[in-house]
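K.L.:
From the sequence below, what's the structure:
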Amino acid sequence: MVADLIIFPLALSLLLISARYFTGSAETIGKWMKLPAFVIGVFIVGIGTSLPELTSGILSVHKGVSEILPGNLVGSTISNLLLVTGLGIAVNRHDISLGSTYIYIDLHYLLGSVFAFTVISYDGVIYPTEASIGALIFVVYSIYLIRGGKEEVFHDKEHAHPESFPVKALLILLAGATGIYYGAEWTVHSIVDMAEILEVPKSIIALTALSLGTTLPELVVNITAIKQGKSEMAIGNVLGSCIFNLLLIPAVASFFGTITVSPQLLSFSLPVMIGAAVLFYLLAQDKRISVWEGMMFVMLFLLFMVKIFGQL
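P.N.:
As a prediction, this is how the structure comes out:
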């Protein structure tokens, strides 16, 4: 048990540090491609910071402990919508504005991804055939982002001089991917051991400790972006992470084995995730999230965690 308590934070740290370097290099390549800030936030940074969930999810299914994956996805989505958004705004102590026309469609895709995940998981089992529909939805979403990004760049009056391809960023990208893999493998292994020793469902550990750990990249990116006045990139990061997590990760992981969804997740955490998505959607309709709304998000997340620990 002592060894697992040491391995878990070390492995998670390796996972997060590798994801950070991976995301930074991916963002550099995205800027080289001259994609707009919101597209970088949703499509590159959002996906990059979700790599810990993807890698740990695939390995958990492959190792026969698939209940870790849904717990991590639901916990990460709730953490992103409530904790990451709320804490980022509260720390900044200023309201944020969402002026981009992207926000409406991305909010709709957020609700759609939550609905799709609920449909495929409500019976307690996620199969590849049904999860693949989520992957198709994500492909459509990706095409929309790429096309919108190209149109915005085309209409941009300021044309920068062409730059050489960032080879260093590509090498860091590959090194980060390697660190993500090994960090995820050791993280999953330590979770399995701790769950057996403590006699706690693996899905609960994934819902709490793992999901909080894997959302740290989003939290760091969001606080930094909001302080720099890049609130659209911050919200794009949240939306992109949630959509990627719920649509693509189950589809990819399900090809490594059948995914089991625990009854505890279906009875409480999944409805909380649906409620968090709807609340986020409603509060963002005026393209503005206030500090007070951000503080409410944080309080709701704390309430959720108190309830989860009360069930142990």
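
K.L.:
going forward, measure contacts between C-alpha atoms and count neighbours the same way
P.N.:
OK.

K.L.:
in the stretch 151-300 of the chain, which ranges drop under the pLDDT threshold?
P.N.:
151-163, 184, 217-218, 231-232 (pLDDT under 70).

K.L.:
For it, which segments count as helices?
P.N.:
Ranges of helices within the stretch 151-300 of the chain are 167-198, 202-205, 211-214, 216-227, 231-254, 263-264, 270-283, 291-310, based on DSSP state H, counting those that start in this stretch.

K.L.:
Quick one: residues in contact with the second one.
P.N.:
Contacts to helix 202-205, defined as Cα atoms under 8 Å, 6 or more residues apart in numbering, come from residues 65, 67-72, 191-192, 195, 262, 265.

K.L.:
mind giving me a markdown table with the residues you listed and columns for neighbour count and distance to N237?
P.N.:
Putting the contacts of helix 202-205 into a markdown table (neighbours: other Cα atoms under 10 Å; distance: Cα to Cα, whole Å) gives the following:
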| residue | neighbour count | distance to N237 |
| --- | --- | --- |
| V65 | 21 | 28 |
| E67 | 24 | 26 |
| I68 | 31 | 23 |
| L69 | 30 | 21 |
| P70 | 30 | 20 |
| G71 | 29 | 21 |
| N72 | 30 | 18 |
| I191 | 24 | 27 |
| V192 | 21 | 30 |
| A195 | 17 | 31 |
| S262 | 21 | 28 |
| L265 | 22 | 25 |
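
K.L.:
Export the residues you listed as JSON lines, with columns for distance to L54.
P.N.:
Compiled in JSON lines, the contacts of helix 202-205 are given as follows (distance: Cα to Cα, whole Å):
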{"residue": "V65", "distance to L54": "14"}
{"residue": "E67", "distance to L54": "14"}
{"residue": "I68", "distance to L54": "12"}
{"residue": "L69", "distance to L54": "9"}
{"residue": "P70", "distance to L54": "11"}
{"residue": "G71", "distance to L54": "13"}
{"residue": "N72", "distance to L54": "10"}
{"residue": "I191", "distance to L54": "16"}
{"residue": "V192", "distance to L54": "17"}
{"residue": "A195", "distance to L54": "21"}
{"residue": "S262", "distance to L54": "19"}
{"residue": "L265", "distance to L54": "19"}
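
K.L.:
for these, which one is nearest V238?
P.N.:
N72 (15.5 Å; Cα to Cα).

K.L.:
isn't there a strand covering the closest one?
P.N.:
No - the assignment for N72, made by DSSP: H, G, I helix; E, B strand; the rest coil, is helix rather than a strand.

K.L.:
burial of L198, as a residue count?
P.N.:
Taking other Cα atoms under 10 Å as the neighbour definition, L198 ends up with a count of 10.

K.L.:
tell me the centre residue of this protein?
P.N.:
S241 (3.3 Å; Cα atoms, centre = their mean).

K.L.:
thinking that one is in contact with S50, fair?
P.N.:
Yes - at 5.7 Å, S241 and S50 qualify as touching, with contact defined as Cα atoms under 8 Å.

K.L.:
Can you show me the strands along the stretch 1-150 of the chain?
P.N.:
Ranges of strands within the stretch 1-150 of the chain are 96-97, 125-126, based on DSSP state E, counting those that start in this stretch.

K.L.:
for L5, what are its contacts?
P.N.:
So L5 contacts 190, 194 (Cα under 8 Å, 6+ apart).
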